[in-house]
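Enquirer: just coords:
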């Protein structure tokens, strides 16, 4: 009966795995809800902020701002946002692949590329493959705007000092639970703000600016960088947990299938054993009956 | 109502406060501004400072960091990256952060690229402790 016992043990092992994947699915679902709520909470801030930034940019010549300065690129920095943990399907692999391609492209153009990894998975992958600066790991679990502020301190002053010429951000754009897509955004030089689509607000208000509109714009642009970073961080966090939910849901389903097929195998083996035993008994009684007749 | 003054404090984490108030005091970069209803439209930047509003004769304090305030005759929108209400500040925690940041700062040279960042952390912690006293 060794085969029977083996199958039974296998079923138990798969059942335990299933418990774990189902628990992870539930944890990811809870975290996903939190992440989504944070995205919702961020929306009023971002919306209000863009409104004011756009209206201000219409009045001031924003193009002269150092964060918008276009220089012939020589040194390029790339921010890559990944999760700290795995078991979330192709979530990290997709952005990492996109980053690898992008770095290869820029390098082939003769540019000097440095990578700023945010999140452990990206850092680990590129550990030996790329020049890394300002890395941040173990920060995706719990973060707030301070993380975006810290990152902005790493990138804004060096850009203004001319230590590098272009900054790109690669992250998982959040579309819905089941779908995230690698997105590539140029952060610096900042694209012009307050352009066409910003248009005029319904009622135009003449503000007094304190300090001057130029100084205000300078401050708002710094905040703008943080808004962009924070949004990408939130999308990464929501996407990570959405991807993990989907991956763990699949794993749980696979466990179910495996358990079903193993149970079938187990029943067949048991039935075969019973049949064999019955045959033995029948054979034995027949032999006995034959013997007693004689 | 036309006679109201509505204050909204918005941070990236949430809408921290929204409601009718009698007076708002804003730590503008150009100086403290006391605002009553009917104020001229002003757009002012805010830096580390103490924001407060008066409601039902009671004053509530916040420690706020970088942002701006949009002032309209009947509405003030304060958009800041951090806004902590005085009575929810965890003094022991802030005290710890402050001493950590101060220790890091004392080891740094002025030329260190992180100098300014850590300096701001110390300033923010000091501000929060000061505001917490009023909670």
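Expert: Perfect, I can see it now. It should be emphasised that the depicted structure is a prediction, and the values quoted were computed from it without experimental measurement. Numbers count the residues shown, from 1 in each chain, chains lettered A, B, ... in the order given.
Enquirer: contacting residues around the residue nearest the centre of chain A?
Expert: In chain A, the centroid-proximal residue (CA atoms, centre = their mean) is residue A:240; its distance is 3.6 Å. By CB atoms under 8 Å, 6 or more residues apart in numbering or on different chains, the contact list for residue A:240 reads A:83, A:85, A:88, A:91, A:140, A:172. Quick note: C-beta positions are derived from backbone N, CA and C, even for glycine.
Enquirer: could you single out the nearest of the residues you listed to chain B?
Expert: Nearest to chain B among the contacts of residue A:240 is residue A:140, at 16.2 Å by CB to the nearest CB.
Enquirer: tell me the phi and psi of that closest one?
Expert: phi -80, psi -20 (degrees, to the nearest 10).
Enquirer: so what's it up against?
Expert: A:82, A:83, A:84, A:118, A:119, A:120, A:233, A:236, A:237, A:240.
Enquirer: could I get these in JSON lines, plus columns for secondary structure and pLDDT?
Expert: Converted to JSON lines, the contacts of residue A:140 look like this (DSSP: H, G, I helix; E, B strand; the rest coil; pLDDT from 0 to 100):
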{"residue": "A:82", "secondary structure": "coil", "pLDDT": "96"}
{"residue": "A:83", "secondary structure": "coil", "pLDDT": "95"}
{"residue": "A:84", "secondary structure": "coil", "pLDDT": "95"}
{"residue": "A:118", "secondary structure": "strand", "pLDDT": "96"}
{"residue": "A:119", "secondary structure": "coil", "pLDDT": "95"}
{"residue": "A:120", "secondary structure": "helix", "pLDDT": "95"}
{"residue": "A:233", "secondary structure": "helix", "pLDDT": "96"}
{"residue": "A:236", "secondary structure": "helix", "pLDDT": "95"}
{"residue": "A:237", "secondary structure": "helix", "pLDDT": "94"}
{"residue": "A:240", "secondary structure": "helix", "pLDDT": "94"}
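Enquirer: run through the helices of chain B in chain order.
Expert: B:91-106, B:115-132 (DSSP state H).
Enquirer: show residues contacting the first one.
Expert: Meaning helix B:91-106. Outside helix B:91-106, the residues that touch it by CB under 8 Å, 6+ apart are B:115, B:118, B:119, B:121, B:122, B:125, B:126, B:128, B:129, B:132.
Enquirer: for chain B, what lies in contact range of chain A?
Expert: Selection of chain B residues close to chain A by CB under 8 Å from any CB of the partner chain yields B:10-15, B:28-30, B:40-45, B:66-68, B:70, B:72, B:77, B:79, B:81-82, B:113-114, B:116-117.
Enquirer: list buried residues within the residues you listed.
Expert: B:10-14, B:28-29, B:42-45, B:66-68, B:70, B:72, B:77, B:79, B:81-82, B:117 (16 or more other CB atoms under 10 Å in any protein chain shown).
Enquirer: whether the lowest-mean-pLDDT helix or strand in chain A contacts chain B - can you check?
Expert: Within chain A, no helix or strand scores below strand A:208-210, which has a mean of 87 by mean pLDDT, DSSP states H and E. Yes: for strand A:208-210, a contact with chain B is found by CB under 8 Å from any CB, at A:208, A:209, A:210.
Enquirer: now a ChimeraX select for only the buried ones of the residues you listed.
Expert: Typed into ChimeraX, the line below selects the buried ones among the residues of strand A:208-210 next to chain B, using 16+ other CB under 10 Å:
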select /A:209,210
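Enquirer: let's see the ChimeraX selection covering just the buried ones among the contacts of residue A:240.
Expert: Here is the ChimeraX command that picks out the buried ones among the contacts of residue A:240, judged by 16+ other CB under 10 Å:
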select /A:83,88,91,140,172
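Enquirer: pick the one among the contacts of residue A:240 closest to residue A:34.
Expert: Distance to residue A:34 across those (CB to CB) is lowest for residue A:140, with 12.9 Å.
Enquirer: since that was my last question, I'll sign off now.
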